[in-house]
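Novice: mind folding the following:
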Amino acid sequence: MSLTNAEETLMQILWKKERAFMKDIIEAYPEPKPATTTIATLLKRMQDKDFVDYIQYGRSREYFPLVAKRDYFSKHVNGLIKNFFNNSATQFASFFTEETNLSKKELEALKKIINDQIKTK
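Specialist: Have a look, this model is predicted:
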């Protein structure tokens, strides 16, 4: 299951904060801040999708992510490779390196990452 753009924005806040009360979440948004009811609706939908949960403290809820950021994006990158690049990581890498205007320094860093991965295989 995936998140809408609004839910993903909220997850980014929760991943960064790790745990947050409603006031902390709203405070993390840029102006204009969303309404409390909007955030409450998003949190409920995300809870139904098993992305977040909360601990109740009196009348306040402290929300926290149930899905790690790395796991979420790993699933999406793999889906992207499968759906848009014929399940070819090579096609994806070619597109990524050509279309993102990477500097020579960034390409060298990628090359090092790839070479390090080759050594561990």
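
Novice: who's in contact with the residue nearest to the spatial centre of the chain?
Specialist: With distances taken as CA atoms, centre = their mean, residue 69 lies nearest the centre of the chain, 4.9 Å away. Residues in contact with residue 69 (CB atoms under 8 Å, 6 or more residues apart in numbering) are 11, 15. Every residue, glycine included, has its C-beta placed from N, CA and C.

Novice: at 6 Å what do you get?
Specialist: Residue 69 makes contact with residue 15, according to CB atoms under 6 Å, 6 or more residues apart in numbering.

Novice: and the gap between it and residue 107?
Specialist: 25 Å (CB to CB, to the nearest Å).

Novice: please apply the same query to residue 25.
Specialist: For residue 25, the distance to residue 107 equals 38 Å [CB to CB].

Novice: more crowded one of the two?
Specialist: residue 25 (21 against 11; other CB atoms under 10 Å).
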